[in-house]
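Peer 1: What follows is a protein structure lacking sequence information:
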C-alpha cells in the first residue's frame, strides 16, 4: 500500500487544517500501518439487489429488483447479530461469530428510521460499519513498518503485508491506517491517525472454486529487489480441478 500521510496543523488564527506530507518530512522510525478486515456484498450483475440480501417483512421486490422503498436505491449493511444457542442443560449461551462457519454474514436493508450509528465507509450501496469488522479472521502480520522504494520514478514509502491471509470465504475489503507511535496530540494518550484508506474488494475462494494465481506483477518484482518479503511467481498457477 502507498499512501500520503497527513499532518494536523494549527494556524495563527486558531483554525485547524490538514496538509499532505512529502517524503523528506517523514521520519521512518515509529511509522506503522495496521489493517482491518470488513465483509462486503458479493457483486451481482443479474439484479440490483446485492447477493444474500433477504427482503424485510412488509417489503416486496418490484420488477426492477429493488425493495419497496421510496428512493431508487436500497442501502444495505451487516448488522451486529447476537449469536445465541443453548447448552446441554438448556441454558442460553453466546457464541462468537468467528466460531460459526459461514461463507458470508447476512445482509440487511438500512432502515430510514434507525440507520446504523457506526458507519465508517460506503461501498456502492453498502454501508460498512465498525461493528461488522472481522479482523480476528486475519492471520499474519497486521502491523507493518514502511520500506522506502523508487516507484514510477519517485521515492515512496510502501507498506507490504507479505504474509496476510483470511480464514473466511467470501468478499472483503481492507482498511489501512497509518500511525506515528511516537507522536501525541493534546488531551489524548493515543497516537494520531495520519492516514486512512480502504482497498478494493477481493474474494476468498473455497478449495473447489479457487481459479488459480496469476504471475507476479512488476510492482511485486520491484519490491523483492529491495529485500521486501514477497512471493514471486514466474507463471500462472492454475487450480487443480478435483474429479
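Peer 2: Cool, the structure landed. Please read all numbers here as calculations on a predicted model, not as lab measurements. Numbers count the residues shown, from 1 in each chain.
Peer 1: What average pLDDT does the longest strand along the chain get?
Peer 2: Criterion DSSP state E: the longest strand present in the chain is strand 170-180. Averaged across strand 170-180, pLDDT comes to 91.
Peer 1: what do you get for stretch 227-240?
Peer 2: Summarised as a single mean, pLDDT over stretch 227-240 is 68.
Peer 1: Beta-bridge partners for residue 39, please?
Peer 2: residue 172 (DSSP bridges).
Peer 1: surely it meets residue 172?
Peer 2: Yes - contact criterion C-beta atoms under 8 Å: residue 39 and residue 172 qualify, at 5.6 Å. For the C-beta atoms, the positions are set from N, CA and C on the backbone; glycine is no exception.
Peer 1: who has more neighbours, the two?
Peer 2: The neighbour comparison of residue 39 against residue 172 (other C-beta atoms under 10 Å) goes to residue 39, with 24 against 20.
Peer 1: ok so, going back, which residues are contacting the longest strand of the chain?
Peer 2: 1, 3, 5, 30-43, 103-104, 120-121, 123, 128, 134, 159, 166, 191-204 (C-beta atoms under 8 Å, 6 or more residues apart in numbering).
Peer 1: pLDDT-wise, which helix or strand of the chain ranks last?
Peer 2: strand 6-10 (a mean of 45; mean pLDDT, DSSP states H and E).
Peer 1: circling back: mutual contacts of residue 39 and residue 172, please.
Peer 2: With C-beta under 8 Å, 6+ apart as the test, residue 39 and residue 172 both reach residue 134.
Peer 1: what about the helices in this protein?
Peer 2: Per DSSP state H, the chain carries helices over the ranges 218-225.
Peer 1: got any ranges where it has weak pLDDT?
Peer 2: Low-confidence segments of the chain (pLDDT under 70): 1-29, 43-73, 81-105, 235-243.
Peer 1: Residue 156 and residue 150: what is the separation?
Peer 2: 8 Å (C-beta to C-beta, to the nearest Å).
Peer 1: So for these two, which sits in the more crowded spot?
Peer 2: Neighbours were counted for residue 156 and for residue 150 using other C-beta under 10 Å; residue 156 has more, 15 against 11.
Peer 1: Pairing partners for that one in the sheet, please.
Peer 2: residue 149.
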